[in-house]
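Asker: Sequence and predicted structure below; questions after.
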Amino acid sequence: MKVTISDHFTVKKLIRFVFPSVVMMLFTSVYGVVDGLFVSNFAGKTAFAGVNLILPFIMLVGTFGFMVGQGGTAIVSKTLGQGNAKKANRIFSMLVLVVIISGALLSLAASFFIEKIAIFLGADEALLPYCVTYARISFISMPAFMLQNVFQSFFITAGKPNLGLGITVGAGVTNMLLDFILVGVLKTGVRGAAYATVVSELIGGLLPLIYFSVKNSSLLHFDKPLWDFRALLKTCTNGSSELMTNVSLSVVNMLYNYRLMRLAGADGVSAYGVIMYVGFVFVAVFIGYSIGVAPIIGFNYGAKNNAELKNMFKKSLWVISTMAVTMCALAFLLSIPLSNAFAGYDEALYSLTLRGFRIFSLSFLLSGFNIFGSSFFTALSNGAVSAAISFMRTLFFQVVCVLLLPIWFGVDGIFASSAAAELLALCVTSFFVLKMNRRYNYIP
């Protein structure tokens with residue numbers, strides 16, 4: 001039976017609807033993990049540290065796609081809920097074109113300045129060549145990477161989450177196979193890992209472009225772009241929380257690496273790289289759920305279906321609570337094999353990675369509620385509240401914790417900073433949820 005965003009949702013139907021989005025995000029994160037796994041084991045920990053040092057900046061450049069994907073989904077799904085499909089498709093077309101142009105310009109600028117940026121981030125003579133090589137190759141597919149993030153959201157709004165899942169899985173499997181061939185077999189190191197990512201991102205970004213360009217059975221297709229700058233501004237405002245989240249994560253990861261280079265050297269950067277790769281797989285479950293449920297919330301908000309809005313809020317809290325306990329337990333259970341897979345060849349690096357990952361895992365108990373809270377207000381077209389939650393969670397509290405906790409707890413303080421920041425952010429999220437209920441009336 002087909003499930004659409006206009007349905008009444010039971011827990012079973014809700015999980016079924018968001019499942020493709022969760023798996024999509026898992027595959028997106030897993031093939032990033034595979035990159036790191038092959039680089040660490042076949043190119044060595046210096047190359048791995050170099051990739052980890054520059055990767056946050058690469059993700060920083062790609063954040064525009066996350067913003068347009070989430071912010072645009074809220075606008076387009078709300079417009080569909082109001083019964084104006086023609087306008088929704090024209091806004092959708094405009095947003096995709098804006099992403100293509102912006103992605104190309106940002107990639108060119110970043111590639112030109114990448115060597116100076118890598119030095120600014122702390123790259124020494126040993127790490128610099130790996131940073132520059134990996135980044136410049138990665139920027140080849142940056143517009144496609146942005147489009148991939150945009151289409152992950154819009155496939156759900158279009159009523160085709162399984163198609164989006166299929167394309168993401170195909171891109172992920174391609175990346176894994178190319179990593180095995182280029183890095184594992186042909187020993188091309190960082191260069192091979194970067195090209196593997198480029199090919200996978202081209203698949204993930206260009207295939208949806210073709211799908212929406214031709215006649216299809218979904219709710220969305222490309223039309224003559226509607227150059228509605230108010231809609232574009234609203235998209236950016238709505239998506240500002242996702243932009244803030246991803247910009248902040250990149251900036252904070254750079255700060256983490258900077259602190260670790262001084263407290264634990266390249267091993268510290270490598271250990272945090274493992275935590276960053278693997279941690280995102282666990283967090284991807286929460287992100288995938290939030291992306292999957294956002295069009296439902298946006299549609300019912302646009303349709304003024306308050307009863308279903310309450311239903312979605314209540315069931316979402318139950319689902320996220322269950323996932324939070326599950327993710328934290330899995331992280332502890334898998335900490336040894338995962339640390340061994342990335343760093344088993346070096347005892348000191350393995351011990352540091354294992355200890356850091358176990359401390360970091362406590363954050364999974366809290367992060368899902370903050371991620372959903374921010375996404376929930378984005379779907380309600382309240383970009384200001386969503387951005388405030390994201391800013392406090394991913395930047396302000398993270399920076400405060402990573403600067404202060406190491407003073408008292410050393411390297412352990414850096415690894416504990418994420419959990420401490422999530423706890424503080426949960427207080428902010430709870431405040432806004434209770435306060436804004438007077439306007440939206442979503443608490444049953």
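Answerer: Happy to help now that I have it. Residues are numbered from 1 along each chain as shown.
Asker: looking at the chain, which helix or strand is least sure?
Answerer: helix 240-263 (a mean of 70; mean pLDDT, DSSP states H and E).
Asker: what stretches of the stretch 251-400 of the chain score poorly on pLDDT?
Answerer: Across the stretch 251-400 of the chain, the ranges flagged by pLDDT under 70 are 261, 265-266.
Asker: can you pull out the helices in it?
Answerer: 265-302, 306-343, 347-360, 364-379, 383-391, 397-409 (DSSP state H, counting those that start in this stretch).
Asker: ranking those by burial, who's on top?
Answerer: helix 364-379 (a mean of 26; mean count of other C-beta atoms under 10 Å). For the C-beta atoms, the positions are set from N, CA and C on the backbone; glycine is no exception.
Asker: For it, which helices and strands make contact with it?
Answerer: helix 63-81, helix 240-263, helix 265-302, helix 306-343, helix 383-391, helix 411-440 (3 or more C-beta pairs under 8 Å, 6 or more residues apart in numbering; DSSP states H and E).
Asker: Helix 306-343 and the third one, what's the angle between them?
Answerer: Read it as helix 265-302. Relative orientation of helix 265-302 versus helix 306-343 (axes from the mean of the first three to the mean of the last three C-alpha atoms, to 10 degrees): 160 degrees.
Asker: distance between helix 265-302 and the chain's centre?
Answerer: In terms of C-alpha atoms, centre = their mean, to the nearest Å, the centre of helix 265-302 is found 5 Å from the chain centre.
Asker: what's the angle from it to helix 364-379?
Answerer: Going by the same axes, to 10 degrees, helix 265-302 makes 40 degrees with helix 364-379.
Asker: ditto for the fifth one
Answerer: For helix 383-391 and helix 364-379, the angle between their directions (the same axes, to 10 degrees) works out to 160 degrees.
Asker: Alpha carbons of helix 383-391, as PDB, please.
Answerer: Provided in PDB are the C-alpha atoms of helix 383-391 (Å, rounded to 0.1, in the frame of the first residue of the first chain):
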ATOM      1  CA  GLY A 383      13.600  29.300  10.400                       C
ATOM      2  CA  ALA A 384      14.500  31.700  13.200                       C
ATOM      3  CA  VAL A 385      13.700  29.200  16.000                       C
ATOM      4  CA  SER A 386      15.300  26.300  14.000                       C
ATOM      5  CA  ALA A 387      18.400  28.400  13.500                       C
ATOM      6  CA  ALA A 388      18.600  29.300  17.100                       C
ATOM      7  CA  ILE A 389      18.500  25.700  18.200                       C
ATOM      8  CA  SER A 390      21.100  24.700  15.600                       C
ATOM      9  CA  PHE A 391      23.400  27.700  16.500                       C
END
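Asker: quick revisit: could you dump the helices of the stretch 251-400 of the chain to a markdown table with distance to Leu108?
Answerer: Shown next, in a markdown table, are the helices of the stretch 251-400 of the chain (distance: least, C-beta to C-beta, whole Å):
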| stretch | distance to Leu108 |
| --- | --- |
| helix 265-302 | 27 |
| helix 306-343 | 33 |
| helix 347-360 | 35 |
| helix 364-379 | 29 |
| helix 383-391 | 28 |
| helix 397-409 | 30 |
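Asker: and Phe113, what is it in contact with?
Answerer: By C-beta atoms under 8 Å, 6 or more residues apart in numbering, the contact set of Phe113 is empty.
Asker: Compile the helices and strands packed on helix 364-379 into CSV and extend it with columns for distance to Leu53.
Answerer: Converted to CSV, the helices and strands packed on helix 364-379 look like this (distance: least, C-beta to C-beta, whole Å):
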stretch, distance to Leu53
helix 63-81, 18
helix 240-263, 6
helix 265-302, 6
helix 306-343, 16
helix 383-391, 24
helix 411-440, 15
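Asker: which one of these lies closest to Asn41?
Answerer: In terms of C-beta to C-beta, the element of the helices and strands packed on helix 364-379 nearest to Asn41 is helix 306-343, at 7.7 Å.
Asker: Once you drop chain neighbours, what's closest to Leu209?
Answerer: Leu147 (6.3 Å; C-beta to C-beta, 6 or more residues apart in numbering).
Asker: give me the element the one you found is part of.
Answerer: Take DSSP states H and E as the rule and Leu147 turns out to sit in helix 142-157.
Asker: Which strands or helices does that helix pack on?
Answerer: Checking 3+ C-beta pairs under 8 Å, 6+ apart, helix 142-157 ends up next to helix 11-38, helix 63-81, helix 85-120, helix 161-178, helix 189-213, helix 265-302.
Asker: in the fourth one, what counts as buried?
Answerer: The one in question is helix 161-178. 161, 163-165, 167-169, 171-172, 174-176, 178 (16 or more other C-beta atoms under 10 Å).
Asker: Restricting to C-alpha, output that helix in CSV.
Answerer: Extracted C-alpha coordinates of helix 161-178, given in CSV (Å, rounded to 0.1, in the frame of the first residue of the first chain):
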residue,chain,number,x,y,z
PRO,A,161,11.4,8.1,-1.3
ASN,A,162,12.3,4.6,-2.5
LEU,A,163,13.6,6.0,-5.8
GLY,A,164,15.8,8.4,-3.9
LEU,A,165,17.0,5.5,-1.7
GLY,A,166,17.8,3.4,-4.8
ILE,A,167,20.0,6.1,-6.3
THR,A,168,21.8,6.7,-3.0
VAL,A,169,22.4,3.0,-2.5
GLY,A,170,23.7,2.8,-6.1
ALA,A,171,26.1,5.8,-5.5
GLY,A,172,27.2,4.3,-2.2
VAL,A,173,28.0,0.9,-3.6
THR,A,174,29.9,2.5,-6.5
ASN,A,175,32.0,4.4,-4.0
MET,A,176,32.8,1.3,-2.0
LEU,A,177,33.8,-0.7,-5.1
LEU,A,178,36.0,2.1,-6.4
